[in-house]
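*Asks:* show me the folded form of this:
(one chain, ligands or ions: 1)
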Amino acid sequence: MSRVYNFSAGPSMLPQAVLEKAASEMLDYQGSGQSVMEMSHRSKTYQAIIDEAEALLREVLNIPDNYKVLFLQGGGSTQFAMIPLNLKKNGKADYVITGQWAKKAAAEARKYLDVNVVASSADTTFTYIPKLDPATFSKDADYFYICLNNTIYGTHYSPEQLPDTGDIPLVTDASSCILSEPMDVSKFGLIFAGAQKNMGPAGVTVVIIRDDLIREVPETVPTMLTYKIHADNGSMYNTPPCYSIYMVKLVLEWLKNDIGGVEKMHEINKAKAAKLYEFLDNSKLFKGTVEKDSRSLMNVPFVTGDKDLDAKFVAEAAKAGLVNLKGHRTVGGMRASIYNAMPMEGVDALIDFMKKFEAENA
Ligand SMILES: *Cc1c(COP(=O)(O)O)cnc(C)c1O
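*Replies:* Coordinates of the predicted model:
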């Protein structure tokens, strides 16, 4: 068997120990005589799986008791609509545009309320997290929206860059950084994340929402897009994405027991990213595209400055077992996504390959 190092932005690598555990339980989950894929979501056995997934998430992220955890479908993208549909009161929300995902979220929200764009980094193709001036924040916004880690452009809000929105709920898309670092959940009204970057396979989206934001909504809001429905039914109003939730449970067990929790994971992630950025900062051929104070630990875009050379790099890297390094079409070049499950050995292998490529092509 030969496994590659997968630098994809998502779906991304899963820890090998998790895949092995899932394989060992594939035909017979803990003496049930069935795969988790086959069992009733109303069974005691399955209830224990989803309960454990929630308990582990609460534990590793230190989620306060006045927040609900929901396991939903429709990906991160469905949250772009659910958020305005459920949080709308005055009919206005503030958005910071730091890339495609924030832009898409704002465009979707515009269908339901007035969107005030507080700041944007579009002027440089999103190479930084813009400075925010509280004087530009709407006093009567229903919520304030940011994308915490910008997967495509490789930028990330440091704790100091997070806006202080006072009583206005801060809502964030944490799809590509959840579980990569400690988070003060109490600073947010709502956090959501599609699982397929750092939490598990595609198919489940986690929403962490403060109790007071779970409200009655107008009758025109679809049932399946109502947080209250999912909260009142323990994420089982309908059939949940059973297997994906089970995989999230395995990833959380790995994170807690094998890694030692989110703080430890953050240390490892910082070490992985530091190595790669240091190499980029000193390379004669490659250079990172993001301003230093806005760099993501998860997604690292870089370029050679020559399109043909970029393409050659991506192709040769793939032959060497380093796959999915092509950058997003709006940035070009390369992007290495080094999520939680990417081991240090993968980053080392990438840097070694880049050194060799540089020696041959610079
Ligand atoms: C991947 C991603 C999304 C989209 O998630 P889907 O599950 O494909 O809808 C949204 N936001 C961010 C930051 C992402 O990285």
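*Asks:* Leu56 belongs to a helix?
*Replies:* Yes. Checked against DSSP: H, G, I helix; E, B strand; the rest coil, Leu56 lies within a helix.
*Asks:* ok, stretch 284-299 near the ligand or not?
*Replies:* No. Contact of stretch 284-299 with the ligand (Cβ under 6 Å from any ligand atom) is absent, the minimum separation being 8.3 Å. All C-beta spots, glycine's among them, are computed from the backbone N, C-alpha and C.
*Asks:* what does stretch 113-126 give?
*Replies:* No. If you take Cβ under 6 Å from any ligand atom as the test, stretch 113-126 misses the ligand, and the best it gets is 12.0 Å.
*Asks:* mind listing what the residue of the stretch 1-150 of the chain found nearest the ligand touches?
*Replies:* The shortest separation between the stretch 1-150 of the chain and the ligand is 2.7 Å, found at Gly75 (distances taken as Cβ to the nearest ligand atom). Gly75 is in contact with Gly194, Ala202, Thr205, counting by Cβ atoms under 8 Å, 6 or more residues apart in numbering.
*Asks:* look up how far Ala193 lies from it.
*Replies:* Using Cβ to Cβ, to the nearest Å, one gets 10 Å for the distance from Gly75 to Ala193.
*Asks:* overlap in contacts of those two?
*Replies:* The contact lists of Gly75 and Ala193 share Thr205, where a contact means Cβ under 8 Å, 6+ apart.
*Asks:* circling back: ok, and of the contacts of Gly75, which contact the ligand?
*Replies:* Of the residues in those, proximity to the ligand by Cβ under 6 Å from any ligand atom holds for Gly194.
*Asks:* Produce a PyMOL select command limited to the buried residues of the contacts of Gly75.
*Replies:* To isolate the buried subset of these in PyMOL, counting by 16 or more other Cβ atoms under 10 Å, use the following:
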select buried, resi 194+205
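*Asks:* closest to Tyr5 out of the contacts of Gly75?
*Replies:* Ala202 (19.7 Å; Cβ to Cβ).
*Asks:* so Lys21 touches Leu250, yeah?
*Replies:* Yes. Look at Lys21 against Leu250 with Cβ atoms under 8 Å: they come within range, at 5.5 Å.
*Asks:* ok, those two, which is more surrounded?
*Replies:* Summary of the neighbour comparison: Lys21 and Leu250, criterion other Cβ atoms under 10 Å, with Leu250 having more neighbours (23 against 15).
*Asks:* all the helices of the protein, in order from the start?
*Replies:* With DSSP state H as the definition, the chain shows helices at residue ranges 16-24, 44-61, 75-87, 100-109, 227-232, 242-253, 262-282, 307-319, 344-361.
*Asks:* report all helices and strands that the fifth one contacts.
*Replies:* Secondary-structure packing of helix 227-232 (3 or more Cβ pairs under 8 Å, 6 or more residues apart in numbering; DSSP states H and E): strand 67-72, helix 75-87, strand 205-210.
*Asks:* kindly reformat these as a markdown table containing distance to Val217 and mean pLDDT.
*Replies:* Shown next, in a markdown table, are the helices and strands packed on helix 227-232 (distance: least, Cβ to Cβ, whole Å; pLDDT from 0 to 100):
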| stretch | distance to Val217 | mean pLDDT |
| --- | --- | --- |
| strand 67-72 | 15 | 98 |
| helix 75-87 | 6 | 98 |
| strand 205-210 | 13 | 98 |
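*Asks:* what's the distance between Val204 and Gln73?
*Replies:* In this structure, Val204 and Gln73 are 7 Å apart, going by Cβ to Cβ.
*Asks:* check the contact lists of those two and give me the overlap.
*Replies:* When contacts are counted by Cβ under 8 Å, 6+ apart, Val204 and Gln73 have Pro240, Pro241 as shared neighbours.
*Asks:* please identify which of these two sits among more neighbours.
*Replies:* Neighbour comparison, Val204 and Gln73: the larger count goes to Val204, with 28 against 16 (by other Cβ under 10 Å).
*Asks:* find the nearest non-adjacent residue to that one, please.
*Replies:* With sequence-adjacent residues excluded and distances taken as Cβ to Cβ, 6 or more residues apart in numbering, Val204 is closest to Ser244, at 4.0 Å.
*Asks:* burial check on that neighbour, number of neighbours?
*Replies:* The tally of other residues near Ser244 (other Cβ under 10 Å) stands at 21.
*Asks:* for stretch 53-63, list the C-alpha coordinates in CSV.
*Replies:* What follows is the C-alpha trace of stretch 53-63 in CSV, where atoms were taken according to Å, rounded to 0.1, in the frame of the first residue of the first chain:
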residue,chain,number,x,y,z
ALA,A,53,-19.4,13.0,19.1
GLU,A,54,-21.1,16.0,20.7
ALA,A,55,-19.6,15.4,24.2
LEU,A,56,-16.1,15.1,22.7
LEU,A,57,-16.5,18.3,20.6
ARG,A,58,-17.8,20.1,23.7
GLU,A,59,-14.8,18.9,25.7
VAL,A,60,-12.0,19.6,23.2
LEU,A,61,-13.4,23.1,22.3
ASN,A,62,-14.5,23.9,25.8
ILE,A,63,-18.0,24.8,24.6
